[in-house]
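Colleague: pasting a predicted model and its sequence here:
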Amino acid sequence: MSSLQTIALMLCAIASALPAHGQAQPEPLMAEELLELMLSQCRAGQAAQARRLAQDIRDQLPTTPAIDALLAPVLDGACTPAAPKPLRELHLSMGWDDNVNLGLLASTVTFASPGQPITFALDDSYKPVRSAYLGATGLLQTQTASGWTVQAQFGARQLLDYSPLNSLGVQLTGRRELQALETPGQLTLGWAETWLGGRHFRSAPSVAWQSQPSGGQQGWVFNVGAQHHDYSTTTFDARQLLAGITHLSRPDAHTQLSWGAGWLHDQALGPRAGGNRQGINLQLGWQHAWLGGVWHAQWGRQQWASAQHFLPGLMDYRRNNRTTTALVGYQRPLRSGAVAYVEYQSRNSHDNVPLYAYRSNQLGLGWMLRWP
């Protein structure tokens, strides 16, 4: 395998391990986050706010018998829920991905060497690889006496036709309420480990703060964060600084809308081509309760430019990347207390360096169970 092929496959593996959504923006609040807010309002003696939030959760989101049991005393006005029990969650999924290796759109790559450009033809090893996959994710969440919500999560994805990118991940997070500049919010500390193809790939500690919108479901959400990427097999270590703002609104009792923007600074800590990167994130979200379930859709775009020329003497220009992600899905509670869901995701990366331009589509089906 040529050195060019080796570099390209390494870059594809790195990109496949990165989050598919704009990480500078908070996701729309779902049932578990709203439950935590409701319980904290009860503990703070805010019975009226907790009751309104409990009513919204029951009317607008798919729930399970365990969640209904937590909502009942709050809806009855008691607002003295028992100490939270550990939450356990299991996801099983299967699906199809038409580009698991982030294969390239280009068939050639050109280097502008002194004298004249040199063009290399890319062989089939650079082309997209299609594969079905199986996935499993487990979660355990508990709350400490000091007010921290601690969560441990593991996940595995098995590609049936391309084992070099089989992945395994473990993530630990701790969250607690923290007021900053007289604004209530949540502090989150995290640590994630990723393995690819049976080998350790990356460690990623992180810290973030996110404000809480008034009423829990409407208003402005501000967030800032930092994440460190420490790769085991490359010198592409980096530190990302993120800041963003999102607006949440409910035009009616069954619909939630979100839109936002953010700033990204990606500092290279090793000899990465192009050096530091800086850019923006944009995000739109929609969620609607219908026919006993919830539809949701998201659109996100991340756009950035490198601070230096990509490869001086060969590619004498700054790298520019624009990645757009679109997602639509539906989830519905089952009589057993589980939730079934289907989701489609499309991702399109435009890049002036051909080694990073790709397109992928993924369709997945899943089943989720929460207990107790």
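Modeller: Nice, thanks for sending it over.
Colleague: any idea which helix or strand comes after the one helix or strand Leu35 maps to?
Modeller: Using DSSP states H and E, Leu35 sits within helix 31-43. Next helix or strand after helix 31-43 toward the C-terminus (DSSP H and E): helix 47-60.
Colleague: for that next one, the averaged confidence score.
Modeller: Averaging pLDDT along helix 47-60 yields 78.
Colleague: now the helix or strand just after it: buried residues?
Modeller: Remark: after helix 47-60, the chain's next helix or strand is helix 65-75, criterion DSSP H and E. For helix 65-75, the neighbour count (16 or more other C-beta atoms under 10 Å) marks Ile67, Leu70, Leu71, Val74 as buried. Quick note: C-beta positions are derived from backbone N, CA and C, even for glycine.
Colleague: quick one: contacts of the helix or strand that helix 65-75 is followed by?
Modeller: Scanning forward in sequence from helix 65-75 by DSSP H and E, the next helix or strand is strand 87-97. Contact with strand 87-97 is made by 32, 130-142, 159, 360-372, as judged by C-beta atoms under 8 Å, 6 or more residues apart in numbering.
Colleague: which of those residues count as buried?
Modeller: 32, 130-131, 133, 135, 137, 139, 141, 159, 360, 362, 364, 366, 368, 370.
Colleague: now the two most distant members of those residues.
Modeller: Using C-beta to C-beta, the buried ones among the contacts of strand 87-97 span at most 35.4 Å, a distance reached by Arg130 and Gln141.
Colleague: so for stretch 306-322, mean pLDDT?
Modeller: Mean per-residue pLDDT for stretch 306-322: 91.
Colleague: typo on my end, stretch 329-342
Modeller: Stretch 329-342 shows a mean pLDDT of 89.
Colleague: could I get the buried residue list for it?
Modeller: Gly329, Tyr330, Gln331, Arg332, Pro333, Ala338, Val339, Ala340, Tyr341.
Colleague: run a quick neighbour tally on the residue lying closest to Ser163 once chain neighbours are set aside.
Modeller: Nearest non-adjacent residue to Ser163, counting by C-beta to C-beta, 6 or more residues apart in numbering: Gly197, 6.7 Å away. Residues within reach of Gly197, counting by other C-beta atoms under 10 Å, total 14.
Colleague: isn't Gly197 up against Pro164?
Modeller: Yes: here Gly197 lies in contact with Pro164, judged by C-beta atoms under 8 Å, at a distance of 4.5 Å.
Colleague: can you get me the start-to-end distance on stretch 110-127?
Modeller: Taking C-alpha to C-alpha, to the nearest Å as the measure, stretch 110-127 stretches 17 Å from start to finish.
Colleague: chain center to that stretch: distance?
Modeller: Here stretch 110-127 is found 34 Å from its chain centre; the criterion is C-alpha atoms, centre = their mean, to the nearest Å.
Colleague: in stretch 144-164, what's buried?
Modeller: Per 16+ other C-beta under 10 Å, stretch 144-164 contains these buried residues: Trp148, Thr149, Val150, Gln151, Gln153, Gly155, Arg157, Leu159.
Colleague: distance check, the last one against Gly275.
Modeller: Spatial separation of Leu159 from Gly275 under the definition C-beta to C-beta, to the nearest Å is 33 Å.
Colleague: with Leu369 instead?
Modeller: Relative to Gly275, Leu369 is positioned 46 Å away (C-beta to C-beta).
Colleague: circling back: take the buried residues of stretch 144-164 and lay them out in a markdown table including secondary structure and distance to Tyr231.
Modeller: Output for those, formatted as a markdown table (DSSP: H, G, I helix; E, B strand; the rest coil; distance: C-beta to C-beta, whole Å):
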| residue | secondary structure | distance to Tyr231 |
| --- | --- | --- |
| Trp148 | coil | 29 |
| Thr149 | strand | 29 |
| Val150 | strand | 27 |
| Gln151 | strand | 24 |
| Gln153 | strand | 21 |
| Gly155 | strand | 19 |
| Arg157 | strand | 19 |
| Leu159 | strand | 21 |
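Colleague: can you list those residues in TSV and add distance to Arg58 and pLDDT?
Modeller: Formatted as TSV, the buried residues of stretch 144-164 follow (distance: C-beta to C-beta, whole Å; pLDDT from 0 to 100):
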residue	distance to Arg58	pLDDT
Trp148	27	90
Thr149	22	91
Val150	27	95
Gln151	24	96
Gln153	26	97
Gly155	29	97
Arg157	34	97
Leu159	39	96
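Colleague: need phi/psi at the residue nearest to Pro271 when sequence neighbours are not counted.
Modeller: Closest residue to Pro271 apart from its sequence neighbours, by C-beta to C-beta, 6+ apart: Thr235 at 5.6 Å. Main-chain torsions, Thr235, degrees, to the nearest 10: phi -110, psi 30.
Colleague: just checking, what packs against the helix or strand harbouring Gln345?
Modeller: Secondary structure from DSSP H and E places Gln345 in strand 339-351. Judged by 3 or more C-beta pairs under 8 Å, 6 or more residues apart in numbering; DSSP states H and E, the packing partners of strand 339-351 are strand 315-333, strand 358-371.
Colleague: give me the residues contacting it.
Modeller: Counting by C-beta under 8 Å, 6+ apart, 15, 20, 62, 64, 102, 319-334, 356-370 sit against strand 339-351.
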